[in-house]
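# what's the 3D shape of this:
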Amino acid sequence: MTSCTAVKTASAIEGRKQSMSEFNLLDEQWIRVMTEEYKTEEISLSQALLHADRYIGLRGELEAQNTAILRMMLGLLYDVFSEVDGDGTPAPFEDPDDAQDRWEELWNRGSYPEEPLEEYFRKYHDRFWLFDEKFPFYQVPDAKIGTHNLAAKLIGSIGESNNKVRMFAERGGEHKEKLSFSEAARWLLYINGFDDTAAKPKGKGLPSPGAGWLGKLGLIEALGSNLFETLMLNLVFLRPDGELWDQTDRKAGKCAAWELAVPRSAERVQIPQPTHFGQLMTLQSRRILLEREGDSVIGYWLLGGDFFERENALCEPMTLWRVTEDKGRKTITPRRHNPARQIWREFGSITETAAGNERPGVVAWTSRLVHDHSLSENAQIRFRIVSVQYGDKDFFVTDEYADTIAMYSSILTEAGNAWRRRIEDDIVRCDQCAKLVYGLSIRLQKAAGASGDLTGAAATQRFYAMIDPLFRRWLMNLDPKNCTTDYEQELFEEVEQTAFRLGRDLVREAGPAAVHGRIVKEKMPGGAQEKENFYWAPGEEVTFRAGIRKICNGGALNEQSR
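Numbering: from 1, shown residues only. You can find the predicted model right below:
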């Protein structure tokens, strides 16, 4: 059993040979942030935490990389402020009220107190060396027996394997063959959380850990107006059930990864679901060791690391969930994002409006803070989803994307219950309009002489893209205290006109043949008999407009969804 323990102090560090330990992440500049002047800078980990209020946010090469770094910072903050108060006085949480009071104390300060953090930096300084014989940060020396990869594979923005060069990559030549220490440190955290399943095990009979833990999730995080607020909104001091995280068994390895007395090095280890926030935020999904040449990183070695059962892993606060039932047994698993769906279409999954949904922990935490007046009901809250897409059983990365939604915090409270249901109904109405667009596209294809088996998905995506800014703006400005049904109708007046405009475009694009129309023999439901149907663009547009008008004016939802 691995335990957490204090490590050497600053005085002992000075005696270490520089050749053995190099590039300390507390001191060196490696975290990319956006300044208040909208410039990108690299700063140290200590700067990022001590002066988080001075930066807009993290600005790494990918949003997924930012998330990996954010979680590492959250693990550190939790392990500091779950043990001491804002003045640095030892005050471990004793009950949930303590935790929320501590959170509110920090939030009201507007920045993190220096003394507790600097004390922690001194205590664990020796564990933040990127290169070290015994304790390289987020690495283990034993990983050298693992799969060897070139530096290009480490770079998540190109995701290149050793034997397959990516066409049209954003980087080439030496820019992908050698990485600076600062960039390698950023990608180190990324690959730990989002690595694919390509690496082969060295041991026999070992279980498959799957993709890195973060790659298995439908990631969601709260966003503030600056880095400090973003960190605070995601610093979930309580478990989803409202109880304290495990504070009693830190000697059993329940702590941030760098606090372990001996880093975990065994390959592909299934562990119990984490009960300590710092342990979860710094989970070592992979055993990694960077390969350096002079002042550059040229590759790395990798083995599978720690993993745990995804089912009912409600300890994870930063994911959307899928709820399934089989023979009366309810199972909850992380639900990855669909890149074809804008974030507002996931409103029910985010806010728990949809039947049977489980609300993400970070959203539930935000709701609790607003309900208890730790956060203002008039605040604008933003949530961002982050996703890495994989191909062929997660064997390689295909894409990465992120999306953001903004709303009044009061929507998440009991006062916003009625509006949450109405918003979900409004999204259903938009979906039903999209189905009519889909049907119009298919019928116009038939009217023009096509077989009609072509998809209407392209037209549907055009519709969603056209109403996307309308719905985002409408939701962002929806104040449950002041808005009425008139505000709701304003949205659908715009949706209606947008759908009409798209319908006209589709008719025009169908061409003269569709205007003349065509009789098509089609099998009736059941397939036993055929029927002749006449498809004619002007008539199809009239029918389409009537359906759109009915939906947008509050017509029967079930009827229009057929």
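# drop to CA atoms for contacts and neighbour counts, all remaining ones
Noted.
# quick one: Pro272 and Asp306 touch, right?
No. Contact between Pro272 and Asp306 fails when scored by Cα atoms under 8 Å: they sit 9.7 Å apart.
# Comparing these two, which shows the higher neighbour count?
Counted by other Cα atoms under 10 Å, Pro272 and Asp306 do not tie: Asp306 has more neighbours, with 21 against 11.
# quick one: the more buried one from Leu70, how far?
Distance, Asp306 to Leu70, using Cα to Cα, to the nearest Å: 20 Å.
# can you check Asn378 too?
26 Å.
# Remind me what the longest helix belonging to the chain packs against, helices and strands.
Ranked by residue count and defined by DSSP state H, the top helix of the chain is helix 417-447. Contacts defined by 3 or more Cα pairs under 8 Å, 6 or more residues apart in numbering; DSSP states H and E place helix 417-447 against helix 347-351, helix 457-476, helix 485-510, helix 512-516, strand 518-523, strand 530-535, helix 537-552, helix 557-560.
# repeat that for 6 Å
If you count contacts as 3 or more Cα pairs under 6 Å, 6 or more residues apart in numbering; DSSP states H and E, helix 417-447 packs onto helix 457-476.
# sorry, back to before: more neighbours: which of Asn378 and Leu70?
Shown here are Asn378 and Leu70; by other Cα under 10 Å, Leu70 has more neighbours (20 against 15).
# Now the residue positioned nearest the centre of the chain. Nearest residue, chain neighbours left out?
For the chain, the residue sitting closest to the mean C-alpha position, by Cα atoms, centre = their mean, is Leu219 at 2.5 Å. Once flanking residues are discounted, Leu219 sits nearest to Thr319: 4.4 Å by Cα to Cα, 6 or more residues apart in numbering.
# try Phe500
Spatial nearest neighbour of Phe500, chain neighbours left out: Arg545 (6.4 Å); criterion: Cα to Cα, 6+ apart.
# Could you measure from the one you found over to Cys433?
10 Å.
# Neighbour count: these two, which is higher?
A count of neighbours by other Cα under 10 Å puts Cys433 above the other of Arg545 and Cys433, at 27 against 21.
# for the stretch 401-550 of the chain, what are the low-confidence residue spans?
Across the stretch 401-550 of the chain, residues meeting the criterion (pLDDT under 70) sit at 451-453, 527.
# Now do the residue nearest to Phe500 against Arg443, distance only.
14 Å.
# do the same with Trp107
Trp107 sits 56 Å away from Arg443, going by Cα to Cα.
# and the end-to-end length of stretch 322-333?
Terminal residues of stretch 322-333 are spaced 5 Å apart (Cα to Cα).
# Run through this structure and note the low-pLDDT ranges.
Scanning the chain for pLDDT under 70 picks out 1-19, 158-176, 248-252, 353-356, 451-453, 527, 556-562.
# Now do the domain split for it, please.
Domain assignment for the chain by automatic domain parsing gives 10-307, 425-562.
# and Asp372, which of those is closest to it?
With Cα to Cα as the criterion, Asp372 lies closest to domain 10-307 of the domains of the chain, at 9.3 Å.
# Quick one: distance of the closest one to the chain centre.
Taking Cα atoms, centre = their mean, to the nearest Å, one finds domain 10-307 lying 16 Å from the centre of the chain it belongs to.
# swap in stretch 504-515?
Mean-position distance between stretch 504-515 and its chain equals 41 Å (Cα atoms, centre = their mean).
# Just the CA trace of whatever helix or strand Asn108 lives in, in PDB.
Following DSSP states H and E, the helix or strand that holds Asn108 is helix 96-109. C-alpha atoms of helix 96-109 as PDB (Å, rounded to 0.1, in the frame of the first residue of the first chain):
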ATOM      1  CA  PRO A  96     -20.000  19.700   4.900                       C
ATOM      2  CA  ASP A  97     -20.800  23.100   6.300                       C
ATOM      3  CA  ASP A  98     -17.100  23.600   7.100                       C
ATOM      4  CA  ALA A  99     -16.300  22.800   3.400                       C
ATOM      5  CA  GLN A 100     -18.800  25.200   2.000                       C
ATOM      6  CA  ASP A 101     -17.800  27.900   4.500                       C
ATOM      7  CA  ARG A 102     -14.100  27.400   3.400                       C
ATOM      8  CA  TRP A 103     -15.100  27.700  -0.300                       C
ATOM      9  CA  GLU A 104     -17.100  30.900   0.400                       C
ATOM     10  CA  GLU A 105     -14.200  32.400   2.300                       C
ATOM     11  CA  LEU A 106     -11.800  31.800  -0.600                       C
ATOM     12  CA  TRP A 107     -14.300  33.000  -3.200                       C
ATOM     13  CA  ASN A 108     -15.000  36.200  -1.300                       C
ATOM     14  CA  ARG A 109     -11.200  36.900  -1.100                       C
END
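# For the helix or strand immediately after that helix in the chain, name the packing helices and strands.
As assigned by DSSP H and E, the chain's next helix or strand after helix 96-109 is helix 114-124. Here helix 114-124 touches no other helix or strand, going by 3+ Cα pairs under 6 Å, 6+ apart.
# Return the set of buried residues in helix 114-124.
By 16 or more other Cα atoms under 10 Å, the buried positions in helix 114-124 come out as Pro116, Leu117, Phe121, Arg122, Lys123, Tyr124.
# Following the chain past it, name the next helix or strand.
Following helix 114-124 toward the C-terminus (DSSP H and E): strand 129-131.
# neighbouring strands for that next one, and are they parallel or not?
strand 22-24 (antiparallel) (DSSP bridges).
# Need the contact partners of the strand it pairs with.
Residues from elsewhere that reach strand 22-24 (Cα atoms under 6 Å, 6 or more residues apart in numbering): Phe128, Trp129, Leu130, Phe131.
# Pro538: which of these is nearest?
Using Cα to Cα, Leu130 comes nearest to Pro538 of the contacts of strand 22-24, at 67.4 Å.
# The closest one and Pro136 touch, don't they?
Yes. Between Leu130 and Pro136 there is a contact under Cα atoms under 6 Å: 5.2 Å.
# For the stretch 1-150 of the chain, just list every one of the helices.
Secondary structure of the stretch 1-150 of the chain by DSSP state H, counting those that start in this stretch: the helices cover 10-13, 45-50, 63-81, 96-109, 114-124.
# Comparing the ones you listed, which comes out most buried?
Compared across the helices of the stretch 1-150 of the chain, helix 63-81 shows the largest average neighbour count, a mean of 22 (mean count of other Cα atoms under 10 Å).
# what residues does that helix touch?
Contacts with helix 63-81, where a contact means Cα under 6 Å, 6+ apart, come from Leu58, Gly60, Leu189, Tyr190, Ala256, Gly278, Met281, Thr282.
# What would that helix look like as CSV? C-alpha coordinates only.
The C-alpha coordinates for helix 63-81 follow below in CSV (Å, rounded to 0.1, in the frame of the first residue of the first chain):
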residue,chain,number,x,y,z
GLU,A,63,-8.9,22.8,-24.6
ALA,A,64,-8.4,19.2,-23.6
GLN,A,65,-4.9,20.1,-22.6
ASN,A,66,-6.2,23.0,-20.6
THR,A,67,-8.6,20.6,-18.8
ALA,A,68,-5.8,18.2,-17.9
ILE,A,69,-3.8,21.0,-16.4
LEU,A,70,-6.9,22.5,-14.7
ARG,A,71,-7.5,19.2,-12.9
MET,A,72,-3.9,18.9,-11.7
MET,A,73,-4.3,22.4,-10.2
LEU,A,74,-7.6,21.5,-8.6
GLY,A,75,-6.0,18.5,-7.0
LEU,A,76,-3.3,20.7,-5.5
LEU,A,77,-5.8,23.3,-4.3
TYR,A,78,-8.0,20.7,-2.6
ASP,A,79,-5.1,19.2,-0.7
VAL,A,80,-4.1,22.6,0.6
PHE,A,81,-7.4,24.1,1.5
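# Sounds good, over and out.
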